[in-house]
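**Student:** Build me a structure from this.
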Amino acid sequence: MTARNAFYAQSGGVTAVINATACGVIETARAHPERIGTVYAGRHGILGALQEALIDTAGESAETIAALRHTPAGAFGSARYKLKGLEENRAEYERLIDVFRAHDIGYFFYNGGGDSQDTAHKVSQLGEAMGYPIQCIGVPKTVDNDLPVTDTCPGFGSVAKYIAVATREAGLDVASMAETSTKVFILETMGRHAGWIAAASALAREGEGDPPHVILLPEVPLDEQRFLDRVRESVERFGYCVVVVSEGVKTADGQFLADQGTRDAFGHVQLGGVAPTVAAMVKNQLGYKYHYAIADYLQRAARHIASATDVEQAYALGKAAVELAIAGEDAVMPTIVRESDSPYRWHIGRVPLAEVANVEARMPAEYIDESGLFVTESCLRYLRPLIAGEDYPPYRNGLPDYARLAGRMVEKRLPAFGA
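**Tutor:** Residues are numbered from 1 along each chain as shown. Got it, this is the predicted structure:
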């Protein structure tokens with residue numbers, strides 16, 4: 001069988017470990033030259049295919065590719081770009097097939113969340129309809145941890161570790177100053193519809209009175225009075241209160257508390273600023289002095305404190321994606337299958353893309369306590385192994401030393417898209 005080339009693209013919001021997945025894809029492909037020729041990476045994700053902007057990873061040394069394992073963000077560039085349905089947007093899908101044909105690409109590895117799995121599924125369908133053989137493998141990634149079937153999503157374990165550490169450290173700061181200064185500290189996390197990241201802050205608590213004292217989740221409509229009562233109780237009992245709030249928290253009528261009135265490229269409501277909104281409630285109703293912080297990009301870029309479990313799984317899923325393709329699989333996504341909590345054991349599984357495309361996995365009800373303001377022990381059992389272990393990057397001159405790609409571009413063979 002003649003070796004065919006592969007196309008790899010990163011999609012959506014990046015993570016501390018998405019490049020570890022890229023490393024797994026490229027190193028595994030290089031180990032099978034009889035089946036896979038060159039791995040081309042899309043410059044800025046799927047836009048790289050539409051614009052025929054392909055990065056030739058063969059131009060990167062083995063040392064540089066290995067360094068991707070400890071490098072955060074998207075080394076090849078990512079993009080929030082939603083391809084619509086085949087019927088309404090066939091031209092873009094056909095353009096992908098044209099680019100794949102022009103560069104003898106027989107494998108498509110799309111590293112992203114639910115929208116990306118949907119795109120990979122549609123490309124697989126169109127390739128079959130157009131008589132062009134292309135094996136499409138979705139590779140899971142999302143800090144939100146909201147893909148179904150897989151036990152966890154690469155990127156989540158590291159952001160969970162960051163938030164838990166930040167909660168503990170900031171909590172110590174607030175506790176030390178609460179007598180004469182800040183009484184309430186509010187930390188805003190990512191999480192549009194699923195509260196996994198905010199929930200992970202609960203890992204910081206070791207004993208009664210430890211922060212966080214309140215966790216606000218998208219799965220639970222905000223009961224303002226119940227929330228304020230809990231804040232008051234915490235301040236009266238412990239001298240201070242640490243609140244962790246997910247950006248996707250909604251009011252009782254289903255409106256986002258932090259709706260900016262705009263939408264992103266995927267059609268999602270743009271969120272941001274829930275922390276100051278909650279802080280205003282505390283100030284106006286309780287009169288407490290407060291501070292707030294919005295973790296934003298810091299939480300998903302923090303490779304210096306990544307979870308070793310997360311790094312290992314991110315690489316393993318990239319490796320598995322290539323192995324599935326070589327085995328002849330198409331329109332599937334490798335998954336993490338949990339075997340036990342303690343000790344944490346897992347193995348690689350697989351799921352058809354049709355079962356995960358555009359599907360969100362929210363926190364189950366049994367993970368949220370009766371008050372709706374904290375999580376249960378079963379949730380903590382699920383979370384603990386995902387933040388386990390440290391995988392520090394190498395340091396140079398006191399700072400993390402991350403990979404720098406040559407980024408050699410492939411010569412274009414087609415007219416510009418839309419020309």
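
**Student:** all contacts plus neighbour counts: C-alpha atoms, from now on.
**Tutor:** Fine.

**Student:** you'd agree Asp330 is up against Glu128?
**Tutor:** No: between Asp330 and Glu128 no contact is recorded; they are 10.7 Å apart, counting by CA atoms under 8 Å.

**Student:** where along this structure do the helices fall?
**Tutor:** 18-30, 47-50, 62-67, 90-102, 114-129, 156-177, 196-200, 224-238, 274-286, 296-301, 308-326, 377-383 (DSSP state H).

**Student:** Quick check: which of the ones you listed is nearest to Asp253?
**Tutor:** helix 224-238 (12.6 Å; CA to CA).

**Student:** For the closest one, give the mean pLDDT please.
**Tutor:** Helix 224-238 shows a mean pLDDT of 97.

**Student:** Then stretch 126-141?
**Tutor:** Stretch 126-141 comes out at a mean pLDDT of 92.

**Student:** Give me the contacts around it.
**Tutor:** 15, 18, 93-94, 97, 101, 105-113, 116-117, 120-121, 123-124, 147, 153-155, 317-318, 321, 324-325, 328-335, 353 (CA atoms under 8 Å, 6 or more residues apart in numbering).

**Student:** Centre of the chain to stretch 81-97, how far?
**Tutor:** Centre-to-centre, stretch 81-97 and its host chain are 24 Å apart (CA atoms, centre = their mean, to the nearest Å).

**Student:** List the buried residues for that stretch?
**Tutor:** The neighbour-count check on stretch 81-97 (16 or more other CA atoms under 10 Å) flags 81-84, 86, 92-97 as buried.

**Student:** I'd like the domain boundaries of this protein, if you could list them.
**Tutor:** Domain assignment for the chain by automatic domain parsing gives 4-141+304-359+389-400, 156-302.

**Student:** could I get the ones you listed as CSV with distance to Ser378?
**Tutor:** Formatted as CSV, these follow (distance: least, CA to CA, whole Å):
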stretch, distance to Ser378
domain 4-141+304-359+389-400, 10
domain 156-302, 12
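
**Student:** can you tell me which of those domains the model trusts least?
**Tutor:** domain 156-302 (a mean of 91).

**Student:** And the buried ones among the contacts of stretch 126-141, selectable in ChimeraX?
**Tutor:** Of those, the buried ones can be selected in ChimeraX as follows, counting by 16+ other CA under 10 Å:
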select :15,18,93,94,97,105,106,107,108,109,110,111,112,113,116,117,120,121,123,124,147,153,154,155,317,318,321,324,325,329,330,331,332,333,334,335,353
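
**Student:** Quick check: Ala357 touching Gly114?
**Tutor:** Yes: counting by CA under 8 Å, Gly114 is a contact partner of Ala357 at 5.0 Å.

**Student:** got JSON lines for the buried residues of stretch 81-97, with distance to Leu257 too?
**Tutor:** Shown next, in JSON lines, are the buried residues of stretch 81-97 (distance: CA to CA, whole Å):
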{"residue": "Tyr81", "distance to Leu257": "25"}
{"residue": "Lys82", "distance to Leu257": "25"}
{"residue": "Leu83", "distance to Leu257": "29"}
{"residue": "Lys84", "distance to Leu257": "28"}
{"residue": "Leu86", "distance to Leu257": "34"}
{"residue": "Glu92", "distance to Leu257": "36"}
{"residue": "Tyr93", "distance to Leu257": "36"}
{"residue": "Glu94", "distance to Leu257": "40"}
{"residue": "Arg95", "distance to Leu257": "40"}
{"residue": "Leu96", "distance to Leu257": "39"}
{"residue": "Ile97", "distance to Leu257": "42"}
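
**Student:** Share the number of residues neighbouring Lys412, please.
**Tutor:** Using other CA atoms under 10 Å, Lys412 has 14 other residues around it.

**Student:** I meant Arg396, not that one.
**Tutor:** Each residue near Arg396 was counted by other CA under 10 Å, and the total is 9.
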